[in-house]
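Peer 1: return a 3D structure for these sequence lines:
(2 chains)
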Protein chains: 2
Amino acid sequence: MHALELTKPDGRRMTLYARRPLPPGLAAPSPFRDPLAGGAHLRWHPLRGEWVTYAAHRQGRTFLPPPEYNPLAPMTDPSNPTEVPEGPWDIAVFENRFPSLGGSVPAPPQLIVPTAPAHGRCEVVVFTQDRGSSLGALSLDHIELLLQVWGDRTARLGAEEAIRYVLPFENRGAEVGVTLHHPHGQIYAYPVVPPVPARMQQVAEEHLAKHGRGVLEMHIEAERRDGARMLYEGPHAVAFVPACARYPYEVWIAPTRPVEGFAQLGDAERADLARALKTVLLKFDGLWQRPFPYLMAWYQAPTDGRPHPESHLHAQLWPPYRTRDRLKYLAGTELAAGFFAMDALPEEKARELQQVEARIA
Amino acid sequence: MHALELTKPDGRRMTLYARRPLPPGLAAPSPFRDPLAGGAHLRWHPLRGEWVTYAAHRQGRTFLPPPEYNPLAPMTDPSNPTEVPEGPWDIAVFENRFPSLGGSVPAPPQLIVPTAPAHGRCEVVVFTQDRGSSLGALSLDHIELLLQVWGDRTARLGAEEAIRYVLPFENRGAEVGVTLHHPHGQIYAYPVVPPVPARMQQVAEEHLAKHGRGVLEMHIEAERRDGARMLYEGPHAVAFVPACARYPYEVWIAPTRPVEGFAQLGDAERADLARALKTVLLKFDGLWQRPFPYLMAWYQAPTDGRPHPESHLHAQLWPPYRTRDRLKYLAGTELAAGFFAMDALPEEKARELQQVEARIA
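Peer 2: This is a model prediction of the structure:
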């Protein structure tokens, strides 16, 4: 992996990653000339016991791009301002211009609830220069590079004093609110361990203390023994529809060894994890022969400087469809109670995905 | 309040409620003749430490109604089978034919995760016989009756041995996945305290132990002192955009006195709470002069037979819109991290709603 660190004219940081050495002379462009304006603050939700971030500057954007505008493509037309330079890079990472966390962090207002500066980082990860491609269509070694990039970002962001948790994710498809279709994901680096990972850490800690082994490690073993919901079984990585899926086509992807995060993967593990990920995404797109929307989040250990033997790197993918033409809406019971109601069995949905061929050259 | 308990031909329970006495001779119809088929089961999610319910029979519905079909309107055309009888009732409650919890509960399957019978209840609450109306358009005494009905259902369902938590909610609008537009809500009665109420109970318990007063009671006092986000202030009830809103137009509605649930409301409190609710819903529909979609959930104390001085009955309303023509999608940070990111300040959204007149006769 080769990395080149740059700074945009408005002060934002950018890193270009490539499989081969990058030539000198690359510069980081920005569609914006003025420096970053005032940023976000946090407010405490007293009933739920969690922080909410308010980035009101996001509404003040004067820059309203036309629908065909793609700021993630290298500049080819000077009237099309871009976030990324021309050059032989494979993956580009830069700070979001309108971050929900980090950037220019002002002192928080005084309110009737506790407030705090919105420290953290929000990064955009451009998966490829090819706007017509998709994560699943990239080559295995390109996807391996992405796993390395996620590891590098986690290490760099996690080393910052204010940051306690790093979450790489991808929202894909108009159905989940994405308007920019150039293949890309995001990384949120939080100043706290957020509610969902915090809950999962607590459950995993209790499990490890009780059983002496990790909860996901044992679940993976049980899924492999059962076999009914497996989508990929390699020497070092697996993918399956979990027996407890909360979305009809939910899939988990993980290394079989309980590593804390991307940075702890060995080369063979990373290669097999890339193959597991590509297999799942090809099955998704193959199922209905059209791009399959999903939310994909990668959970790893908190970056609080302590060891986390209870953590086990893995992805959870949550597609919004129930069937080819029906979305699963999250409504009363899911959002207000946090109690998911499914009308499909994971075994049935796994069978659908098992039958889709995933051709990897 | 007058109530009449009936049984549908397929065995489901139904209760008709009215402000005036109901005549004898009312019978409960059903569009379905065959008895209930096999029902749902629960599976344990080992990573999140929560139950998920699987009602696979819902997919097997042979009954596919045409779009204009309204099973919540009294029968006027014999070819239009209905769930409700003709007669002078105001509000009808019946068991969902395809419940996610309860109904005919089979023994759960043996799986690699713990499973359990899906005990509980799922009820449909028909707010009015008028299909063209809406909750906010109903008269104050009709809304008061609904608050009584929610109290009656909570008492009856909560008294069942298997039930630990009763959640009345309304999903309104196609934007939140509702296909049946006759004014109605739902009640889920759970065999456990579900994750979101469980978290709020824990936070409220810790607050009460530390401060000697309820967390919502103190928050309401602070909102009233501040005033910037208030939408309704009556002698016994309030409504406001909370300082920690997670949705742009989020509103909370509550009695000022910390009562555990609907059943503990006094007459004057119930009347004022109805007025607060109607005020908010009129403001919602008035904002853009069109029906305003939302998810509304009413949180109350668990029904585990123990006193819950930490509980404080209230509604949280979560509209899905950010602006007149832009939805707020829940994506990576909200769903995967549980960390909400807002691009509007609650003070600004409260001002918009404050300026909408809510005319109550």
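Peer 1: any idea how many residues pack against residue A:325?
Peer 2: One way to gauge burial is a neighbour count; for residue A:325, by other C-beta atoms under 10 Å in any protein chain shown, it gives 7. (C-beta placed from N, C-alpha, C; glycine too.)
Peer 1: quick check, pLDDT for it.
Peer 2: Residue A:325 is assigned 92 on the pLDDT scale.
Peer 1: quick one, what contacts residue A:4?
Peer 2: Taking C-beta atoms under 8 Å, 6 or more residues apart in numbering or on different chains as the definition of contact, the neighbours of residue A:4 are A:15, A:16, A:18, A:22, A:26, A:89.
Peer 1: try 7 Å
Peer 2: Contacts were defined as C-beta atoms under 7 Å, 6 or more residues apart in numbering or on different chains; by that measure residue A:4 touches A:15, A:16, A:22, A:26.
Peer 1: now, of those residues, which are buried?
Peer 2: Among those, those classed as buried by 16 or more other C-beta atoms under 10 Å in any protein chain shown are A:15, A:16, A:22.
Peer 1: which residues touch the last one?
Peer 2: This means residue A:22. Contact partners of residue A:22, counting by C-beta under 7 Å, 6+ apart, are A:2, A:4, A:16, A:87, A:88, A:89.
Peer 1: longest single helix anywhere in chain A?
Peer 2: helix A:267-287 (DSSP state H).
Peer 1: returning to what we had before: now, the contacts of residue A:4 that are in strands?
Peer 2: A:15, A:16 (DSSP state E).
Peer 1: pLDDT added to the contacts of residue A:4, as TSV?
Peer 2: Listed next are the contacts of residue A:4 as TSV, based on pLDDT from 0 to 100:
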residue	pLDDT
A:15	98
A:16	97
A:22	95
A:26	90
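Peer 1: now the contacts of residue A:4 as JSON lines including distance to residue A:96?
Peer 2: Putting those into JSON lines (distance: C-beta to C-beta, whole Å) gives the following:
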{"residue": "A:15", "distance to residue A:96": "14"}
{"residue": "A:16", "distance to residue A:96": "17"}
{"residue": "A:22", "distance to residue A:96": "23"}
{"residue": "A:26", "distance to residue A:96": "21"}
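Peer 1: among the contacts of residue A:4, which one sits closest to chain B?
Peer 2: The shortest approach to chain B among the contacts of residue A:4 belongs to residue A:15, at 20.2 Å (C-beta to the nearest C-beta).
Peer 1: adjacent strands (with direction) for the lowest-mean-pLDDT helix or strand in chain A?
Peer 2: Counting by mean pLDDT, DSSP states H and E, chain A has its least confident helix or strand at strand A:326-327, which shows a mean of 92. Looking at strand A:326-327 with DSSP bridges, its partner strands are strand A:321-323 (antiparallel).
Peer 1: which outside residues touch the partner strand?
Peer 2: Under the criterion C-beta under 7 Å, 6+ apart, residues A:248, A:249, A:327, A:328, A:344 lie in contact with strand A:321-323.
Peer 1: re the thing from before, farthest pair within the contacts of residue A:22?
Peer 2: Greatest spatial distance in those: A:2 and A:87, 11.8 Å, computed using C-beta to C-beta.
Peer 1: related to what we said a few turns ago, quick one: the helix or strand just after the longest helix of chain A to helix A:267-287, angle?
Peer 2: Scanning forward in sequence from helix A:267-287 by DSSP states H and E, the next helix or strand is strand A:294-299. Angle between the axes of strand A:294-299 and helix A:267-287 is 160 degrees (criterion: axes from the mean of the first three to the mean of the last three C-alpha atoms, to 10 degrees).
Peer 1: quick check: neighbours of the helix or strand following strand A:294-299 in the sheet, parallel or antiparallel?
Peer 2: Moving toward the C-terminus from strand A:294-299, the next helix or strand (DSSP H and E) is strand A:314-318. Strand A:314-318 sits in its sheet next to strand A:251-255 (antiparallel), strand A:294-299 (antiparallel), going by DSSP bridges.
Peer 1: once you drop chain neighbours, what's closest to the residue of chain A most remote from its centre?
Peer 2: Of all residues in chain A, residue A:112 sits farthest from the chain's C-alpha centroid, using C-alpha atoms, centre = their mean; the distance is 33.5 Å. Distances taken as C-beta to C-beta, 6 or more residues apart in numbering or on different chains put residue B:222 closest to residue A:112, at 3.9 Å, once the chain neighbours are dropped.
Peer 1: now swap in residue A:258 and tell me
Peer 2: Ranked by C-beta to C-beta, 6+ apart and with sequence neighbours excluded, the top spatial neighbour of residue A:258 is residue A:312, at 4.0 Å.
Peer 1: and the gap between the one you found and residue A:271?
Peer 2: 19 Å (C-beta to C-beta, to the nearest Å).
Peer 1: so these two - more neighbours on which side?
Peer 2: Neighbours per residue, other C-beta under 10 Å: of residue A:312 and residue A:271, the larger number sits with residue A:312, 27 against 20.
Peer 1: surely residue A:43 is in a strand?
Peer 2: Yes: per DSSP: H, G, I helix; E, B strand; the rest coil, residue A:43 lies within a strand segment.
Peer 1: for it, which residues count as its bridge partners?
Peer 2: Beta-bridge partners for residue A:43, by DSSP bridges, are residue A:52, residue A:115.
Peer 1: which ones are touching it?
Peer 2: Contacts were defined as C-beta under 7 Å, 6+ apart; by that measure residue A:43 touches A:52, A:54, A:111, A:113, A:115, B:243, B:244.
Peer 1: out of those residues, which one sits closest to residue B:47?
Peer 2: Within the contacts of residue A:43, proximity to residue B:47 (C-beta to C-beta) peaks at residue A:52, which comes in at 24.0 Å.
Peer 1: how near is the residue nearest to residue A:112 to residue A:243?
Peer 2: With C-beta to C-beta as the criterion, residue B:222 and residue A:243 are 45 Å apart.
Peer 1: go on, residue A:145?
Peer 2: 33 Å.
Peer 1: and these two? which has more neighbours close in?
Peer 2: Of the pair residue A:145 and residue A:243, residue A:243 is the one with more neighbours under other C-beta under 10 Å, namely 25 against 22.
Peer 1: isn't that one right next to residue A:229, touching?
Peer 2: Yes: contact status for residue A:243 versus residue A:229: in contact at 6.5 Å, counting by C-beta atoms under 7 Å.
Peer 1: residues shared between the contacts of those two?
Peer 2: Overlap between the neighbourhoods of residue A:243 and residue A:229 consists of residue A:346, taking contacts as C-beta under 7 Å, 6+ apart.
Peer 1: which ones are touching residue A:12?
Peer 2: Contact partners of residue A:12, counting by C-beta under 7 Å, 6+ apart, are A:30, A:94, A:95, A:97.
Peer 1: closest one of the buried ones among the contacts of residue A:4 to residue B:192?
Peer 2: For the buried ones among the contacts of residue A:4, with residue B:192 as the reference and C-beta to C-beta as the criterion, the closest is residue A:15, at 45.8 Å.
Peer 1: now that closest one, nearest residue through space, not along the chain?
Peer 2: residue A:93 (4.8 Å).
Peer 1: show me the beta-bridge partners of the one you found.
Peer 2: The bridge-partner assignment for residue A:93, based on DSSP bridges, gives residue A:15, residue A:125.
Peer 1: what distance do you get for the most centrally placed residue in chain A to chain B?
Peer 2: Nearest to the centroid of the C-alpha atoms of chain A, with distances taken as C-alpha atoms, centre = their mean, sits residue A:169, at 1.1 Å. Distance check for residue A:169 against chain B: by C-beta to the nearest C-beta, to the nearest Å, it reads 4 Å.
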